[in-house]
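Novice: return a 3D structure for these sequence lines:
(2 chains)
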There are 2 protein chains.
Amino acid sequence: MRQSKLFTKTRKEIPADEVSKNAELLIRGGFIHKEMAGVYSYLPLGLRVLNKIISIIREGMNGVGGQEVLMSSFQPKENWEKTGRWEAMDDLYKVSDSSGREVALGPTHEEIVVPILKNYISSYKDFPVAIYQIQNKFRMELRAKSGILRGREFIMKDMYSFHNSQEDFEEFYGKMKDVYKTIFQRVGIGHLTYMTFASGGTFSKYSHEFQTITSVGEDTIYVDETNAIAVNKEVFNDEVLGQLNLIKEKLVEQKSIEVGNIFDLKTKYSAPFDLSYTDEKGEKHPVLMGCYGIGLGRLMGTVVEVLSDDKGIIWPEAIAPFFVHLLVLGEDKEVLEEAEKVYESLEKAGVEVLFDDRREVSAGEKFADADLLGMPYRAVVSARSIKENGIELKKRTEEKGKIVTESELLKMLIRESFL
Amino acid sequence: MRQSKLFTKTRKEIPADEVSKNAELLIRGGFIHKEMAGVYSYLPLGLRVLNKIISIIREGMNGVGGQEVLMSSFQPKENWEKTGRWEAMDDLYKVSDSSGREVALGPTHEEIVVPILKNYISSYKDFPVAIYQIQNKFRMELRAKSGILRGREFIMKDMYSFHNSQEDFEEFYGKMKDVYKTIFQRVGIGHLTYMTFASGGTFSKYSHEFQTITSVGEDTIYVDETNAIAVNKEVFNDEVLGQLNLIKEKLVEQKSIEVGNIFDLKTKYSAPFDLSYTDEKGEKHPVLMGCYGIGLGRLMGTVVEVLSDDKGIIWPEAIAPFFVHLLVLGEDKEVLEEAEKVYESLEKAGVEVLFDDRREVSAGEKFADADLLGMPYRAVVSARSIKENGIELKKRTEEKGKIVTESELLKMLIRESFL
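Specialist: Next up is the predicted model:
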């Protein structure tokens, strides 16, 4: 894409009330726009990142047999009363229409997915089933000062699984642990993310969180690096450490942010709706459930928090809005033509390229923008590079670039972008 | 996909309060689930249709240089007060948080997109810009009895264009007319859809609606078939007919449903936010705007209303959830093996196939389900077809199928599905 056509521009100023690094960099880069505290719109560059994260997650969910749906935000009050959460959930938004009838604005979808399944599940032959969606959620957060890490409105992948035996549930739950690990690795934060034992609430002993280490995290975890697992402070006591076979002295305290979680729901939500099945003998049982969430904005914000430097964002290749940022410097005809040629060759080869073809923008500004926007590779065509018969190529993580010939550049970028 | 794995099943019964044909067929087929009046969830088959419609629309929007974004549902009250619509818009949902602070739940996005653009547009060089999204809307509909034709919550494609001259606006607006025509043709209702002159409200003489003829439509239009245009009843008078050069006697009155509209907004929304630009001479002017909407659920529902028969839905090839419905009848080993072989060959070739591999389901039920679900092609492997050395192939629109050999079937379906 030509940067001269992109309607967003980088900005120097950000909203006065914005204190988080992720929002600062993403707003300055034109990835997102702040509508109000905890509410952001995604602009073209941000939506490209979001869509790449979605593709990675979707692949993971489809890989375990997940069936994609899209459930509504408006949810009947009756359903929420049935589970007791109409009153119990503090952060539930309630909306009234002109007749005064109230509905919930969904912060999660157990109250919707279970009644849907009641139409379709009745026999032991109907299992297992896993349903997921990528959908907008609403939560009445009192504090919303963490940029896209914690929103009043946010996009989430939520999956719900349904089982007719504990073994079937556990097998699926185990698969989901692996799928989540793969997702966080592919997104580029696998090296900082630990599966973490956390409180399971009323129904299960533990839940499993995926926590990414960052100083801005709101959670505290104790990490066992050898075994690549961690324990959330909320369940950190001698009894738990004993059960998990962890040695207190080997654990390191870290601040972290929860980028995903998986829950054993047992019959917590199937029971109120009487979601049940008959077994081989004709006996009726309640359905067992699990749920599995990843906040997409939070994941994107976490990447920005942990992978950026003082100049800007450093996108991992798998979720960068573009693979390469091509800059042309100056107004020299030969330079402009060479840059156009490179741009067209990359486009033709299917390499995702942002071409900074803007006129009347200084080299310094273009370099600063490239650092802020954070594409994995930067290629510069200038009078100097042409004199050296080439193009300057630099990774975002490198200090210095090197001159390569046009054909070397094309070969390299095409190869790397399809790895 | 194997139908035995699909968690939805066809249903005989539908919600008691459901009166529309589109919802009846879509609920019976397991495409959608009704949460409450005017609120539906999309199940796997329905989401596949929706995603195909989205792809077609996205292609059209990108083709005119549209840049995709994803704006928030929560919108600041101040913005809506600025345009006067906080009070004026009857169907606006207002949501309060625990502190009593109110926000709007977006029924449309002029109040959000204009302030976003204020950060990026300031010079005549910044034009034209067109921004679109595919996003969830909320409207407090009093009547919501038309299935997915009119929802309280619904997915829409909304585009907003920005211009620094009337000519630039008109050129873009003209392109959008053509893009919309192409979209409705590709979706399969082009032959029933007319560009229709309608009331433009306060600011413009006319707006242009795209109206699809159907007896359940809430609008009345007068169609000139020769010129393939129509006039909405709301502006149907001698003066308008004169201006448009239409002869009253040649017009046919029809019931219709609005599947899309395009609006000349002039400075209606740019003025309140002072969205302006400086021209070549340094003079400041307000920005001109257009907006362009298509309701995706409404479009899908319209297709079902106009393209179905007494047995079920007839999906156009471009938006069918699957291209072919492969049925295997009976438990004969040879038959099962042949069906598996055909299924794998189609999958391997990339043909989208729903394979009704369910056991203990009668031939009659499988035929009825295939008619209800409405894939463009039905292929049946049975003892009878094997005896005739082949597979029975039938279009959904045909009464009778014919026996073809396996290689003929594969060749034909692979060719047709990639047309």
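Novice: A:Gly190 against A:Lys181, yeah?
Specialist: Yes: at 7.0 Å, A:Gly190 and A:Lys181 qualify as touching, with contact defined as CB atoms under 8 Å. Yep, even glycine has a C-beta here, placed from its N, CA and C like the rest.
Novice: and the pLDDT at the most far-flung residue of chain A relative to its centre?
Specialist: Distance from the centre of chain A peaks at A:Lys281, with 43.9 Å (CA atoms, centre = their mean). Model confidence at A:Lys281, given as pLDDT, is 97.
Novice: and for A:Phe203?
Specialist: Confidence score, pLDDT, at A:Phe203: 56.
Novice: can you tell me how far the residue farthest from the centre of chain A sits from chain B?
Specialist: 18 Å (CB to the nearest CB, to the nearest Å).
Novice: how about that residue, secondary structure?
Specialist: coil (DSSP: H, G, I helix; E, B strand; the rest coil).
Novice: number of residues surrounding the residue in the stretch 151-300 of chain A positioned nearest to chain B?
Specialist: Closest to chain B within the stretch 151-300 of chain A is A:Glu153: 4.9 Å, counting by CB to the nearest CB. Counted with other CB atoms under 10 Å in any protein chain shown, residues neighbouring A:Glu153 total 25.
Novice: and it, its phi and psi?
Specialist: phi -130, psi 130 (degrees, to the nearest 10).
Novice: hmm, it is touching A:Val39, no?
Specialist: Yes: using CB under 8 Å, A:Glu153 is in contact with A:Val39, at 5.0 Å.
Novice: find the residues that touch each one of the two.
Specialist: Common neighbours of A:Glu153 and A:Val39 are listed as B:72, B:74 (criterion: CB atoms under 8 Å, 6 or more residues apart in numbering or on different chains).
Novice: now the helices: where do they sit in the stretch 101-250 of chain A?
Specialist: Ranges of helices within the stretch 101-250 of chain A are A:110-118, A:166-187, A:238-244, based on DSSP state H, counting those that start in this stretch.
Novice: in JSON lines, list those along with distance to chain B and mean pLDDT.
Specialist: Output for those, formatted as JSON lines (distance: least, CB to the nearest CB, whole Å; pLDDT from 0 to 100):
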{"stretch": "helix A:110-118", "distance to chain B": "5", "mean pLDDT": "98"}
{"stretch": "helix A:166-187", "distance to chain B": "14", "mean pLDDT": "97"}
{"stretch": "helix A:238-244", "distance to chain B": "34", "mean pLDDT": "90"}
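Novice: and the ones you listed, which is most packed in?
Specialist: Mean neighbours per residue, mean count of other CB atoms under 10 Å in any protein chain shown, is largest over the helices of the stretch 101-250 of chain A for helix A:110-118, with a mean of 23.
Novice: check which helices and strands that one sits against.
Specialist: Contact partners of helix A:110-118 among helices and strands, from 3 or more CB pairs under 8 Å, 6 or more residues apart in numbering or on different chains; DSSP states H and E: strand A:74-76, helix A:77-82, strand A:129-138, strand A:153-163, strand A:288-295.
Novice: just give me the neighbour total for A:Pro15.
Specialist: A:Pro15: 13 neighbours (other CB under 10 Å).
Novice: sorry, wrong one. I was asking about A:Lys348.
Specialist: There are 10 residues near A:Lys348, going by other CB under 10 Å.
Novice: same question, A:Ser99
Specialist: A:Ser99: 8 neighbours (other CB under 10 Å).
Novice: that one belongs to a helix, doesn't it?
Specialist: No: secondary structure of A:Ser99 (three-state DSSP): coil, not part of a helix.
Novice: A:Leu413: what secondary structure?
Specialist: helix.
Novice: related to what we said a few turns ago, a markdown table please, covering the helices and strands packed on helix A:110-118 and showing mean pLDDT.
Specialist: Below are these laid out as a markdown table (pLDDT from 0 to 100):
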| stretch | mean pLDDT |
| --- | --- |
| strand A:74-76 | 97 |
| helix A:77-82 | 98 |
| strand A:129-138 | 98 |
| strand A:153-163 | 98 |
| strand A:288-295 | 97 |
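Novice: would you list the ones you listed in JSON lines and tack on distance to A:Leu117?
Specialist: Shown next, in JSON lines, are the helices and strands packed on helix A:110-118 (distance: least, CB to CB, whole Å):
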{"stretch": "strand A:74-76", "distance to A:Leu117": "15"}
{"stretch": "helix A:77-82", "distance to A:Leu117": "13"}
{"stretch": "strand A:129-138", "distance to A:Leu117": "7"}
{"stretch": "strand A:153-163", "distance to A:Leu117": "6"}
{"stretch": "strand A:288-295", "distance to A:Leu117": "9"}
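Novice: now do the strands in the stretch 1-150 of chain A.
Specialist: Applying DSSP state E, counting those that start in this stretch to the stretch 1-150 of chain A gives strands spanning A:32-36, A:39-42, A:67-68, A:74-76, A:93-96, A:102-105, A:129-138.
Novice: run through the neighbouring helices and strands of the second one.
Specialist: Strand A:39-42 makes packing contacts with strand A:32-36 when contacts are defined by 3+ CB pairs under 8 Å, 6+ apart.
Novice: next one: the third one
Specialist: Counting by 3+ CB pairs under 8 Å, 6+ apart, the packing neighbours recorded for strand A:67-68 are helix A:44-63, strand A:129-138, helix B:44-63.
Novice: listing partners with orientation, what would you give for it?
Specialist: strand A:129-138 (parallel) (DSSP bridges).
Novice: keeping just the C-alphas, turn the partner strand into PDB.
Specialist: Output in PDB follows, covering the C-alpha atoms of strand A:129-138 (Å, rounded to 0.1, in the frame of the first residue of the first chain):
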ATOM      1  CA  VAL A 129     -18.700 -30.100  20.600                       C
ATOM      2  CA  ALA A 130     -16.600 -26.900  20.700                       C
ATOM      3  CA  ILE A 131     -18.000 -23.600  19.600                       C
ATOM      4  CA  TYR A 132     -16.200 -20.400  19.300                       C
ATOM      5  CA  GLN A 133     -16.600 -16.800  18.100                       C
ATOM      6  CA  ILE A 134     -14.600 -13.600  17.600                       C
ATOM      7  CA  GLN A 135     -16.900 -11.000  19.000                       C
ATOM      8  CA  ASN A 136     -17.300  -7.700  20.800                       C
ATOM      9  CA  LYS A 137     -17.700  -7.700  24.500                       C
ATOM     10  CA  PHE A 138     -18.700  -5.000  27.000                       C
END
